[in-house]
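A.B. asks: Using only what follows, build the 3D model:
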Amino acid sequence: MKSIIPNALTALNLVLGMFAIVSTLHGRFSNAAIFIVAAMIADGFDGRVARLFNVSSDFGRELDSLCDLVSFGVAPAVLAYTFLLHEMGYAGYFVAALFATCGALRLARFNINTGIVKGYFMGLPIPAAGCVVATFVLLGIKPATWLFAVMVILFAYLMVSTIKYPDFKGKGERVRILPAAITVAFALYLIFLTQGVTALLFIPFCSYAVFGILNTLFGLFDSRTI
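C.D. replies: The predicted model follows:
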């Protein structure tokens, strides 16, 4: 009976992802973005609840990945295409499909590397990538179409990259002070630049993506073994 609760939270993740897609089709972009962020919250609780009740299972892990692909791969891709990428014609198709495909590859790699990669995430986690796209749309800013496309492609690449993102559990990839300081400065600059309540949702996800890049780059010059 206990296993129903975490699986229900995982299913809620999928339901919210579907709500995001339907909202996008109706032109309700802000609602779609909020549903994607809400899906991330549900996704964050299912694993914790499963471990709390000691009911973790292979079924739950597979279900989680399938739901993540919909909520953080397909839903943000559809949102990005409908929001701005459609102005690029067939190129917009490609960019949206690339994001969803990289999300699927990221999840597949995560599943097979679970017992190998520990203490950090290899590549930007798909919930973070999906929420960056969603919360950017929530800002209501419409940049040049090509610039938005570059952003979507960049975050698609970050998902399948080998950049190490700390999981902040105290083990694995070390959080370096200088990259952290630069990231904080970047976040403060974004707050000053964007302003508004919606920026408070976008900035953490964007800053995390930037921090992983900086932390990995500085790590190349670090002679100490992590």
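
A.B. asks: The protein: helices as residue ranges?
C.D. replies: 4-25, 29-52, 58-68, 75-83, 90-112, 126-139, 145-160, 177-194, 199-219 (DSSP state H).

A.B. asks: rank the ones you listed by mean pLDDT and give me the bottom one.
C.D. replies: Of all these, the minimum mean pLDDT falls on helix 177-194 (a mean of 74).

A.B. asks: Give me the packing partners of it, helices and strands only.
C.D. replies: Counting contacts by 3 or more Cβ pairs under 8 Å, 6 or more residues apart in numbering; DSSP states H and E, helix 177-194 packs against helix 199-219. (Each C-beta comes from the backbone N, C-alpha and C, glycine too.)

A.B. asks: The helix it packs on versus helix 29-52: what angle between them?
C.D. replies: Helix 199-219 and helix 29-52 are oriented at 60 degrees to each other (axes from the mean of the first three to the mean of the last three Cα atoms, to 10 degrees).

A.B. asks: ok, and for helix 199-219, which residues are buried?
C.D. replies: Counting neighbours by 16 or more other Cβ atoms under 10 Å, one finds that the buried residues in helix 199-219 are 199, 201-203, 205-216, 218-219.

A.B. asks: And for stretch 63-80?
C.D. replies: For stretch 63-80, using 16+ other Cβ under 10 Å, the buried residues are 63-65, 67-80.

A.B. asks: cool, stretch 105-124 as well?
C.D. replies: Leu105, Arg106, Leu107, Arg109, Phe110, Tyr120, Phe121, Met122, Gly123, Leu124.
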